[in-house]
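Engineer: Let me see the structure of the following:
(2 chains)
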Amino acid sequence: MAEELRAEMMANVWKVVAGEGDEVSGGDTVVILESMKMEIPVTAGSDGTVTNLAVSEGQVVQEGELIAEIG
Amino acid sequence: MFQTVLVANRGEIARRIIRTLHAMRIKAIAVYSEADAGAPHVREADQAALLGPAPAAESYLDGSRVLAAAIRTGAQAIHPGYGFLAENAAFARSVIDAGLGWIGPSPECVEAMGDKINARNLMAAAGVPVAPGTREPVSDVEAAVAAAADIGYPVMVKAAAGGGGIGMGVADDETSLRTAFETARSRGRRFFGSPSILLERHLPHARHVEIQILGLADGRVVALGERDCSVQRRHQKVAEETPSPGVRPELRARMLAAAVRAGEAVGYRGAGTVECLVDPAAQSFVFLEMNTRLQVEHPVTELVTGLDLVAEQLRVAAGAAPGFDPASPPGPTGHAIELRVYAEDPVRFLPGPGTITGWSEPVGEGIRVDSGYTKGDVVSPHYDPLMAKLCAHGADRDEALARLRQAVATFTVEGPKCNLPFFTELLRNEEFVSGNYDTGLIGRMRP
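Structural biologist: Predicted coordinates:
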């Protein structure tokens, strides 16, 4: 079952930690967002493979915007 | 006095400085990023200069662009506000070298206090008490482990060049110390350009109490009372009050005297703050750090003293006499409390920027609101989450609390997330209302 990781708030994409095709475990950080001088790690909810990485570093994401999919 | 001053900041503090400039009939120049075109501080200034794109590194943090704007607009002096370039010694030096007035302490002072290790050592030498801690930068994690064994757990790990709580972490044992050390080092490098680390004994039931000082043009240093800033989340202040409910008169006198000594030891000029940790049971204190700028929470001091600290900063920078008698600086009249209205959710305190669709500020006796935004403005993810400061002044603490409760109930912010509901809770919290609280308060409210 695919998992969609979405932005919890409007933020800048500071670091993309995992790449497409990478195996991740539940709790692993996939992307680190930055909003209002705070780092917000976006973590995988379950084990799987990053099938889609929808953002790149430096990009601004809106609340609810897709960040990555874990398949 | 200066005729034209450039305000190198944004949001509420830029507006607050512009207000005093106008009261003193000084022309105010604003600066802004592309994200802030049309922001209130730009509208209210007499003239405004575009710095660059939204990211702070390309606008408000770019000293060369700010200085160029000042020269281009004919400003005679620069007021940095807080944050951004306020404690950047190289920038202060470049302003002075360009022949402009710098509304702040000397670059040497900024530099001496900007390094927390150096500041601790200087204060200890001046006879100001400091917590057990490292006297030199901790070079690696093994050295940190050895130092912590010496100091005794729990220890606070800090980026020596840091500020705003960024890069700070408490370690209760060796395992958590290793993690906290790496975090502090990477944040120190990333946010402050220095991986230098210091360790200090952590005091879990302490109050965070700071002293406002003002170094006058003639070299004298005066203390203008304390502010209790113990209501904190992520080591960042959320509410402040003066007088501190945890400081008795005898301790207050000792703290004010130590703060004056601290200022004199570095030849301090202008407004500054000596931050301390207080053990309320023992009525003792230790020096934490010195902030070489105007503080966010300066309004509570203004409310109880009747002073305008920005006007005093301008007088010092212009070489003029203060607006009060330095032999007997005004003591506190009544009680004042400030709440920081942040664009963040009231439960987890996570940021929630957005466009403001509704904004209505409270009014009433003893109420002061310093805000950076109004309806239609955008709270952008590029800058800090402070939208406004809601302050109340009363004849005593109970009256200030009652006025704040009323004001919080009528303050409306729609669009971004907002922590006002947290303040409704805080103002009814038994511990806070009793005045008998410490820096662990929010941790206990949000276990």
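
Engineer: Contact residues of chain B facing chain A?
Structural biologist: Contact residues (Cβ under 8 Å from any Cβ of the partner chain) of chain B with chain A: B:164, B:166, B:234, B:343-344, B:350-354, B:381-385, B:417. For the C-beta atoms, the positions are set from N, CA and C on the backbone; glycine is no exception.

Engineer: so which of the residues you listed is the most crowded?
Structural biologist: B:A343 (29 neighbours; other Cβ atoms under 10 Å in any protein chain shown).

Engineer: nearest spatial neighbour of it, skipping sequence neighbours?
Structural biologist: B:P416 (4.0 Å; Cβ to Cβ, 6 or more residues apart in numbering or on different chains).

Engineer: Give me the pLDDT for that neighbour.
Structural biologist: You'll see B:P416 listed with a pLDDT of 97.

Engineer: Spatially nearest residue to B:A407 (excluding sequence neighbours)?
Structural biologist: Nearest non-adjacent residue to B:A407 (Cβ to Cβ, 6+ apart): B:P362, at 3.8 Å.

Engineer: residues touching the one you found, list them.
Structural biologist: B:P362 makes contacts with B:369, B:390, B:406-408, B:410-411, as judged by Cβ atoms under 8 Å, 6 or more residues apart in numbering or on different chains.

Engineer: What subset of the residues you listed is buried?
Structural biologist: By neighbour count, with 16 or more other Cβ atoms under 10 Å in any protein chain shown, the contacts of B:P362 hold B:369, B:390, B:406-408, B:411 as buried.

Engineer: quick revisit: next up, the contacts around the residue nearest to B:A343.
Structural biologist: Counted by Cβ under 8 Å, 6+ apart, B:P416 has contacts B:343, B:352-356, B:379, B:387.

Engineer: Could you check which helix or strand contains it?
Structural biologist: When elements are assigned from DSSP states H and E, B:P416 belongs to no helix and no strand.

Engineer: what's downstream of the longest helix seen in chain B, the next helix or strand?
Structural biologist: Looking across chain B with DSSP state H, the single longest helix is helix B:174-192. Next helix or strand after helix B:174-192 toward the C-terminus (DSSP H and E): strand B:197-201.

Engineer: Pull up the gap between the residue lying closest to B:E200 once chain neighbours are set aside and B:R120, please.
Structural biologist: Of all residues beyond its chain neighbours, the one nearest B:E200 is B:G133 (3.6 Å), with distances taken as Cβ to Cβ, 6+ apart. The gap separating B:G133 from B:R120 is 7 Å, by Cβ to Cβ, to the nearest Å.

Engineer: What of B:V138?
Structural biologist: For B:V138, the distance to B:R120 - Cβ to Cβ - is 13 Å.

Engineer: Overlap in contacts, those two.
Structural biologist: In contact with both B:V138 and B:R120: B:L198, using Cβ under 8 Å, 6+ apart.

Engineer: Return the per-residue confidence for the residue most central in space within chain A.
Structural biologist: Taking Cα atoms, centre = their mean, the centroid of chain A lies closest to A:V31, which sits 4.0 Å from it. On pLDDT, A:V31 comes in at 96.

Engineer: backbone phi and psi for it, please?
Structural biologist: The phi/psi pair for A:V31 (degrees, to the nearest 10) reads phi -140, psi 150.

Engineer: Quickly find the element holding the residue nearest to it when sequence neighbours are not counted.
Structural biologist: Nearest non-adjacent residue to A:V31, counting by Cβ to Cβ, 6+ apart: A:V42, 4.5 Å away. Assessed by DSSP H and E, A:V42 sits inside strand A:38-43.

Engineer: on that earlier part again, can you tell me which of the buried ones among the contacts of B:P362 is closest to chain A?
Structural biologist: B:L390 (18.7 Å; Cβ to the nearest Cβ).
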